[in-house]
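In: Below is the sequence, then the predicted model.
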Amino acid sequence: MFSLKALRKNKTAKYGVPMLLLVVGGSFGLREFTQIRYDAQKLRKKLDPSLESKVDVEKQTVMLEQEYEKIKELNLESWKNIRGPRPWEDSRELQEQQRSKQNKKD
């Protein structure tokens, strides 16, 4: 039979088994900790019943024909594409330039 001295000298038993236990045990431990995180997110997403009724009223079905009629009423031919300021440009100066150009055309 194995004696305690032989087990202490065995490198696999001394280093391998604890390492294996650490890796396998760590994976199970991490699974439990991450499950706590996801459970907390689910609880945070739940609404009060009073708020839920208000949200359900606002979620009305949108008919495709109604949205088409809204878009059809918009004047899409007269829009103008105006670029935004670059990070190094002053946005107020650029806005003033765009307004002055627009006022000259009108």
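Out: Nice, I can see it. Numbers count the residues shown, from 1 in each chain.
In: Now do the helices in this protein.
Out: In the chain, the helices defined using DSSP state H lie at 4-9, 11, 17-45, 49-58, 64-73, 91-105.
In: Output those in a markdown table, with mean pLDDT, distance to residue 81 and mean neighbour count appended to each entry.
Out: Where C-beta positions appear, they are placed from N, C-alpha and C, glycine not excepted. Putting the helices of the chain into a markdown table (pLDDT from 0 to 100; distance: least, Cβ to Cβ, whole Å; neighbours: other Cβ atoms under 10 Å) gives the following:
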| stretch | mean pLDDT | distance to residue 81 | mean neighbour count |
| --- | --- | --- | --- |
| helix 4-9 | 81 | 78 | 9 |
| helix 11 | 85 | 71 | 7 |
| helix 17-45 | 89 | 38 | 9 |
| helix 49-58 | 67 | 33 | 9 |
| helix 64-73 | 86 | 18 | 9 |
| helix 91-105 | 79 | 11 | 10 |
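In: out of the ones you listed, nearest to residue 84?
Out: Closest to residue 84 of these is helix 91-105 (Cβ to Cβ; 7.6 Å).
In: just to revisit the earlier point, which among the helices of the chain is found nearest to residue 83?
Out: Across the helices of the chain, closest to residue 83 is helix 91-105 (Cβ to Cβ), at 8.4 Å.
In: Mind listing residues that contact the closest one?
Out: Helix 91-105 has contacts (Cβ atoms under 8 Å, 6 or more residues apart in numbering) with 80, 82, 84-85.
In: Centre-most residue in this protein?
Out: The residue lying closest to the centre of the chain (Cα atoms, centre = their mean) is residue 41, at 12.5 Å.
In: From residue 54, how far out is that residue?
Out: 23 Å (Cβ to Cβ, to the nearest Å).
In: Likewise for residue 70?
Out: In this view, residue 70 and residue 54 are 24 Å apart by Cβ to Cβ.
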